[in-house]
Every structure is written in C-alpha cells, then in structure tokens.
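Visitor: have a look at this prediction, sequence included:
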Amino acid sequence: RDAMGTPRKRPRATDADPQHRIVTLPNVLTSARILATPVVGHWILTDRVLEALAGVVVMGFTDWLDGFVAKRFGQETVVGKFLDPLADKFMIMTLSLALCWQGHLPYSLVGLIVVRDLGLVAGTVWVRLQTLPRDGNFFDPRTVKLQAHPSTLSKINTGLQLGVLGASLGRALWGW
C-alpha cells in the first residue's frame with residue numbers, strides 16, 4: 001500500500017518490455033489462423049472447395065496482416081516471432097495433407113513439405129531446450145535468448161506454398 005493506504009498495482013513482467021506481451025492484435029490474428037486451420041482442412045475433406053479456397057485466401061491475408069501490424073505499430077513480440085511461423089507450418093501441413101488425401105496434391109510434394117516443416121519445428125524445439133535456463137519454463141517468453149527473424153526466403157516460401165494450395169483448390173473448383 002502507498003502512503004494513502006491505496007493498494008499498489010503490482011507491475012506485470014510484460015509492463016517492462018513490450019517484446020514480452022502476449023495479447024496483441026498480430027498474436028490474435030495468428031491464433032485465429034491456427035483455430036481456422038482445422039475448419040478449412042475439414043472443408044477440403046468434405047469437398048467444400050469454394051469455402052476452402054476462401055479460407056486459404058483469408059488465412060493468407062491474415063498472415064500478411066499480422067506481420068504488417070506488428071512492424072508498423074510496434075507490436076512485435078517474442079511470442080509472435082515463434083507463434084507465426086508455427087501457425088504457418090500447421091496451416092500448410094494440415095491443408096497439404098487434406099489436399100493430398102483428396103487427390104489434389106501428389107504424395108511426393110506433400111511428403112517434402114511435411115518432412116521439411118517437422119524438421120524445422122523439431123530443430124527450433126531442440127535449440128530452445130539447449131538455450132533454456134536450468135530453472136526456466138519452456139513457454140516463458142522472458143527466458144528466450146534465441147531471436148527468430150523470418151528471412152525473405154521463408155516469406156517467399158510461405159507465399160509460394162499458399163499459392164500452391166490456392167491453385168490446387170482452384171483447379172479442383174474450376175477444372176484448370
């Protein structure tokens with residue numbers, strides 16, 4: 001309590017450094033993309049191709065939008081730097097597997113996508129475990145020493161993968 005007897009507001013760990021915030025608009029958009037992925041996958045598996053194509057377009061747009069908002073409005077966070085690529089991998093793998101199951105993508109391409117993305121996720125987890133303080137919590141963003149910065153190549157790769165998903169759905173829908 002202060003001199004007037006008013007309870008003091010305890011500072012939150014996130015107040016000191018905006019990089020450690022969790023709830024930001026970009027992180028909400030990324031979380032929405034994660035939640036939408038199984039829905040769009042279901043649409044693919046149930047031949048609701050137009051809905052799935054619209055879902056891929058919207059998810060691609062929100063992928064761009066969360067990065068734009070984070071950079072433009074200073075909302076880049078440690079959580080977002082890991083959550084966004086994880087959301088991309090979950091989305092691409094899930095939708096690629098669904099398209100493959102429906103016969104719209106070849107097994108060999110989907111196998112490459114899945115093996116690559118699982119390898120990247122496993123590598124990230126391994127590095128996180130190696131850099132985690134002895135008494136640290138794996139999911140505590142304040143203990144992250146590894147800095148993730150998406151490369152231009154990874155952004156192009158994600159865009160191309162979304163393009164392949166969209167083209168596969170377009171072919172299924174319009175018979176290209």
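Guide: The structure has been received and is ready for your questions.
Visitor: just checking, what packs against the helix or strand where Trp64 lies?
Guide: Under the criterion of DSSP states H and E, Trp64 resides in helix 49-72. Where contact means 3 or more C-beta pairs under 8 Å, 6 or more residues apart in numbering; DSSP states H and E, helix 49-72 is packed against helix 25-45, helix 78-101, helix 152-174. Yep, even glycine has a C-beta here, placed from its N, CA and C like the rest.
Visitor: confidence score at the most centrally placed residue in the chain?
Guide: Nearest residue to the geometric centre of the chain (C-alpha atoms, centre = their mean): Ala87, 2.1 Å. pLDDT, Ala87: 94.
Visitor: how about Arg128?
Guide: On the pLDDT scale, Arg128 gets 77.
Visitor: how many residues are close by it?
Guide: 17 (other C-beta atoms under 10 Å).
Visitor: in the helix or strand harbouring it, which residues are buried?
Guide: Using DSSP H and E, Arg128 sits within helix 107-131. For helix 107-131, a neighbour-count test (16 or more other C-beta atoms under 10 Å) marks 110, 113-114, 117, 124, 128 as buried.
Visitor: name the nearest of those relative to Lys81.
Guide: Comparing those against Lys81 with C-beta to C-beta picks out Thr124 as the nearest, at 10.8 Å.
Visitor: ok, that closest one to Trp101 distance?
Guide: Taking C-beta to C-beta, to the nearest Å as the measure, Thr124 falls 27 Å from Trp101.
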